[in-house]
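S.K.: Quick one: sequence plus predicted model below, questions after.
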Amino acid sequence: MSCTTCSTKTTTLADYASPNALTWCPGCGNFGIQVALKQALVALGVTPHQAMLCYDIGCNGNGSDKIGGYRFHGLHGRVIPLAAGIACANKNLTVVMEAGDGATFGEGINHLAHAVRANFNITFICHNNENYGLTKGQASATTRKDIPMNSSPDGVTSDPVHAQRFVLSLGVSFSARVFSGDIRGMNTIFQAAMKHPGFSFVEVLQNCPSYNKTTPHEWYQQRVYNVATEGYDPSDRAAALAAAEDVDEKIATGIIFQDPHSVPFMSRDAVRKDIPTELTQEVQQYDVSQFTAGMR
Ligand SMILES: Cc1ncc(C[n+]2csc(CCOP(=O)(O)OP(=O)(O)O)c2C)c(N)n1
C-alpha cells in the first residue's frame, strides 16, 4: 500500500528500523515479538506516521526506542489510559500498546477491566512471561502457585490470574493467545488484532530465560496448538472460555474469541455521531495564546 501523505513508497521493515542496540537477555521472547509486530505493520501497509506505538515500563517497554515511528513510553501500569486517549483523539491511527503481565494484571488491572468494557479501538500486546522481568524475577499476578521467585523464595502462595478467563469474563470483543517462539503465528494474529474494530487483547506466552525457569521456550513449544486447526468457531464465547482454560498441558493459541459485531467506543458515542473531523483536528481550532503569554 502506498503512503498518502509523504510519497507513493511502499512501507517496508526499514521504515520501522531504529539505530539503537537491543538490550534484552539472549533468548528473550521480546526479540520475536518485536520482529512480528514490525512484519504485521508492514503487511497491513501501515506507515509509521499512521501508527502510534505505546509502551509500558518493563523489559517489554525497553523496546520503545528500538523501533521506528511514533511511540509513547508511559508509566508502569498506566499505558492503557494513554493508548485509549490516543485512540479516541484520532480514530485514523492504528494504536498498538505493549505491556508486561506485571503492569497488566498488577498495577494496571483496573485500567484493563474498563478498557475491555469500553471497547476502545486498540491492539494490546500483553507480554505474559509470568514475572516482573525488569526488576529481576519478582512474582507477578500470573506467576504459578508454589513457584519460588526472587521475591518469594519459598513459593508463591496465591493462585495466578488466568489472563483469558479475566478478559473473556468482561466481554472482550477480541482475544487471542500466541507463543513468542512462533513469529509467523504472532504476525498473523497481530494483523487480525489491528484489523479488528475494538479492543484486541493478544496474550503472548513469553519465555523469560533469566528469571522464569518454570516455563522455558521448550516447555511452551511442546504444549501449544492452534485452535484454528480444529474446526473452531471463534465467535462462541462459551467455547472460547473452555478452549482457553488449560494453561498446563494442551495450550490453545490463535484467535480464541472475536465478536463479529464489535463496535468500538468512539463509534458508539452519540455525541460524536456524524462528525467527520477527529478530536485532534478540532482542538487545533482553539487559540491558547492567552495561556502561554509570557512563557518561554
Ligand atoms: C508504579 C510503579 N511500580 C513499580 C515500578 C518498578 N518496576 C519497574 S519495571 C517493573 C517490572 C515490570 O514487569 P512487567 O510489567 O511484567 O514487564 P516485564 O519487565 O516482565 O516485561 C517494576 C515492578 C515502577 N517503575 N512503577
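M.R.: Cool, got the structure.

S.K.: ok, V178 - how many residues close by?
M.R.: 28 (other Cβ atoms under 10 Å). For glycine as for every other residue, the C-beta is placed from the backbone atoms N, C-alpha and C.

S.K.: Please apply the same query to G106.
M.R.: 18.

S.K.: Surely it is in a strand?
M.R.: No. Under the criterion used here (DSSP: H, G, I helix; E, B strand; the rest coil), G106 is helix, not part of a strand.

S.K.: Could I get the contacting residues of T23?
M.R.: T23 sits next to N62, K66 when contact means Cβ atoms under 8 Å, 6 or more residues apart in numbering.

S.K.: Can you check the pLDDT for it?
M.R.: In this model, T23 is scored at 95, pLDDT.

S.K.: hang on, it in a strand?
M.R.: No. Counting by three-state DSSP, T23 falls outside a strand, being coil.

S.K.: separation between it and the ligand?
M.R.: Note on T23: its distance to the ligand, by Cβ to the nearest ligand atom, to the nearest Å, is 12 Å.

S.K.: What residues does this protein have near the ligand?
M.R.: Residues of the chain found near the ligand (Cβ under 6 Å from any ligand atom) are 57-60, 76-77, 100-103, 107, 127, 129, 132-135, 140.

S.K.: Do a quick rundown of the strands in the chain.
M.R.: In the chain, the strands defined using DSSP state E lie at 51-55, 70-73, 94-100, 123-128, 174-179, 200-205, 224-226, 251-258.

S.K.: Tell me the strands beside the last one, with direction?
M.R.: When you say that, I think you mean strand 251-258. Looking at strand 251-258 with DSSP bridges, its partner strands are strand 174-179 (antiparallel), strand 224-226 (parallel).

S.K.: Of the residues of the chain next to the ligand, just the buried ones, ChimeraX syntax please.
M.R.: Typed into ChimeraX, the line below selects the buried ones among the residues of the chain next to the ligand, using 16 or more other Cβ atoms under 10 Å:
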select :57,58,59,60,76,77,100,101,102,103,107,127,129,132,133,134,135,140
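
S.K.: Filter the residues of the chain next to the ligand down to the ones in helices?
M.R.: Counted as lying in helices by DSSP state H, out of these, are D101, G102.

S.K.: Give me the number of neighbouring residues for F31.
M.R.: Other residues close to F31 by other Cβ under 10 Å number 17.

S.K.: quick one: contacts for it?
M.R.: With Cβ under 8 Å, 6+ apart, F31 has these contacts: L22, W24.

S.K.: try it again with 10 Å
M.R.: Applying Cβ atoms under 10 Å, 6 or more residues apart in numbering to F31 gives the contacts L22, W24, C25, G63, K66, S180, I183.

S.K.: so the second one touches G61, yeah?
M.R.: I take that to be W24. No. Using Cβ atoms under 10 Å, W24 is not in contact with G61, being 11.4 Å away.

S.K.: quick one: which two of the contacts of F31 are the most distant?
M.R.: Using Cβ to Cβ, the two most remote members of the contacts of F31 are C25 and I183, lying 18.0 Å apart.

S.K.: if you count what's nearby, which of those two comes out ahead?
M.R.: Applying other Cβ under 10 Å to C25 and I183 shows that I183 carries more neighbours, namely 17 against 13.

S.K.: Is the more buried one in contact with Q39, as I believe?
M.R.: Yes. Counting by Cβ under 10 Å, Q39 is a contact partner of I183 at 7.5 Å.

S.K.: Can you show me the helices along this protein?
M.R.: 30-43, 79-89, 101-102, 109-118, 163-169, 183-195, 217-221, 237-244, 265-268, 279-283, 289-292.

S.K.: show me where pLDDT drops low in the stretch 151-296 of the chain?
M.R.: By pLDDT under 70, the low-scoring segments of the stretch 151-296 of the chain are 284-285.

S.K.: Quick check: the residue of it nearest the ligand.
M.R.: Of all residues in the stretch 151-296 of the chain, the one sitting closest to the ligand is C208 (6.8 Å; Cβ to the nearest ligand atom).

S.K.: residue contacts, D182?
M.R.: The contact partners of D182, by Cβ under 10 Å, 6+ apart, come to G32, A36, T188, I189, V204, L205, Y220, Q221, V224, N226, T253.

S.K.: Then C208?
M.R.: Residues in contact with C208 (Cβ under 10 Å, 6+ apart) are 24-25, 27-30, 59, 100, 127-133, 137, 180, 214-217.
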